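[1] Sequence and predicted structure, then a few things I'm wondering about:
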Amino acid sequence: MVEILAWVVGGVLFGVSGIHLYWASGGRWGGQAAIPSIDSKPLFRPTKAATLFVAAAMAAAGWFVLELGEALETGVFTDWPLTMGGWLLTVVFLLRAVGDFTWLGFFKRRKGTVFARWDTRLYSPLCLFLGVSLLYLTLQ
């Protein structure tokens, strides 16, 4: 069970990394749904470097989760970093699911935008799933 969950969570993180690589290489599909906006104007415009950083971070997190769940035994991460990193990722994803109480998360006040709809239907539930899954993997 633990190994399967690690593969699922790792696969999701690698998928998110791939989407960011697509955007960094000039892809536009899904871009409007990925950034909070006011009156169809995005709150910010991520740079190519920032998007590549997120892609790399998600890929590293995916690899990390595979080691945390013992789906891979490469030994890149030792016991202490696995435990601390597991807790860190758990907190990051659970906080993202809760949100900032304005633009994102389950408790956002700004609704009615493309991003807000996708955040309610997919992004926040996915972050909750990842956070709870990471908590389980960390406690194993």
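    Good, I have the coordinates.
[2] neighbours of the residue lying closest to residue 51 once chain neighbours are set aside, just the number please.
    Residue nearest to residue 51 in three dimensions, not counting chain neighbours: residue 24, with 4.2 Å by Cβ to Cβ, 6 or more residues apart in numbering. Any C-beta I mention is one placed from the backbone N, CA and C, and that applies to glycine too. Counted with other Cβ atoms under 10 Å, residues neighbouring residue 24 total 19.
[3] What are the buried residues along stretch 85-104?
    Buried residues in stretch 85-104, counted by 16 or more other Cβ atoms under 10 Å: 85, 86, 89, 90, 93, 94, 96, 97, 98, 99, 103, 104.
[4] tell me the phi and psi of the third one?
    Read it as residue 89. Backbone torsions of residue 89, given as degrees, to the nearest 10, read phi -60, psi -40.
[5] so the residue nearest to residue 51 makes contact with residue 56?
    No: at 10.0 Å, residue 24 does not count as touching residue 56 under the criterion of Cβ atoms under 8 Å.
[6] Can you pull out the residues in contact with the helix or strand encompassing residue 12?
    Under the criterion of DSSP states H and E, residue 12 resides in helix 2-24. Residues outside helix 2-24 that contact it (Cβ atoms under 8 Å, 6 or more residues apart in numbering): 29-31, 34, 46, 48, 51-52, 54-56, 58-59, 61-63, 65-66, 68-71, 126, 130, 133-134, 136-137, 140.
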